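J.: sharing a model prediction with you, sequence too.
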Amino acid sequence: QNFAVPIRDDDLARETEDEEPTLEPKMLWSHKLRGFRHGFGPIKYHDTPLDEELGTDVFARLDAKTPLFSGGTDFQRVDIVELIDPLVRTYVSPDRPDKMLFLDGVQQSTLYGEAEYHEALVHPAMFTHPNPRRVAIIGGGEGATLREVLKHNTVEEVVMVEIDGELVGMCREHLPEWSNCTDIEGSDADSCFDDSRASVE
């Protein structure tokens, strides 16, 4: 959600006979979730997708086809959207549009790329341990970290500690792909949140 802030500079209004006033832009555009951008320098795009911000990086160059959720919890603002690339005017897959999760306007996860990210996050530690049976996950509201942990057949118990229970519910409803356990051998539930080895606190 963008808005404009008018700028008043009284010096610009004072004209002299000797010189023409230098006209500067009269508006600064800012994104209200991320604060003001100082000056009129170019917008800096980021090197990694997870550094992207909701206004300038995403909605400025992608069309939000369907806002799945936009609101707040007791802890943060949550935006979940389906996106389409305006350059090709199509979804990456016709039956599976890309989805993105933003917390306080900052991208946390995207459907295309989240699997690789969470695999790299979880499996090095899991493979390093000789026999991981009990696992604690701090955070992880989308359920993707839980999904990757449950892929290990040595795991007997997983406790996911998430401060924002409302976020977990939103992700279960709008981002079920993140916590899909249907193809995980040994899982007894379609959603990883419902796996008998897992609990969310």
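T.: Good, I have the coordinates. Numbering: from 1, shown residues only.
J.: how about residues contacting the lengthiest helix in the chain?
T.: Counting residues, the longest helix found in the chain (DSSP state H) is helix 111-128. Residues outside helix 111-128 that contact it (CB atoms under 8 Å, 6 or more residues apart in numbering): 49-50, 92, 96, 98-100, 109, 132, 135, 142, 144-145, 147-149, 152, 175, 177-178. Any C-beta I mention is one placed from the backbone N, CA and C, and that applies to glycine too.
J.: what about Asp194, how many residues close to it?
T.: Residues lying near Asp194 (other CB atoms under 10 Å) number 14.
J.: report the separation between it and Glu162.
T.: The spacing between Asp194 and Glu162, counted by CB to CB, to the nearest Å, is 15 Å.
J.: before we move on, what about Asp195?
T.: To Glu162, Asp195 is 16 Å away according to CB to CB.
J.: neighbour count winner among those two?
T.: More neighbours surround Asp195 than the other of Asp195 and Glu162, with 22 against 19 (other CB under 10 Å).
J.: alpha carbons of the lengthiest strand in the chain, as CSV, please.
T.: Ranked by residue count, the top strand of the chain under DSSP state E comes out as strand 63-72. C-alpha atoms of strand 63-72 as CSV (Å, rounded to 0.1, in the frame of the first residue of the first chain):
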residue,chain,number,x,y,z
ASP,A,63,1.1,-8.1,-10.3
ALA,A,64,-0.6,-9.4,-7.2
LYS,A,65,-3.3,-11.5,-8.7
THR,A,66,-5.0,-12.6,-5.5
PRO,A,67,-4.3,-11.3,-2.0
LEU,A,68,-5.0,-14.5,0.0
PHE,A,69,-4.7,-12.7,3.4
SER,A,70,-3.7,-9.2,4.5
GLY,A,71,-4.0,-8.3,8.2
GLY,A,72,-2.3,-8.4,11.5
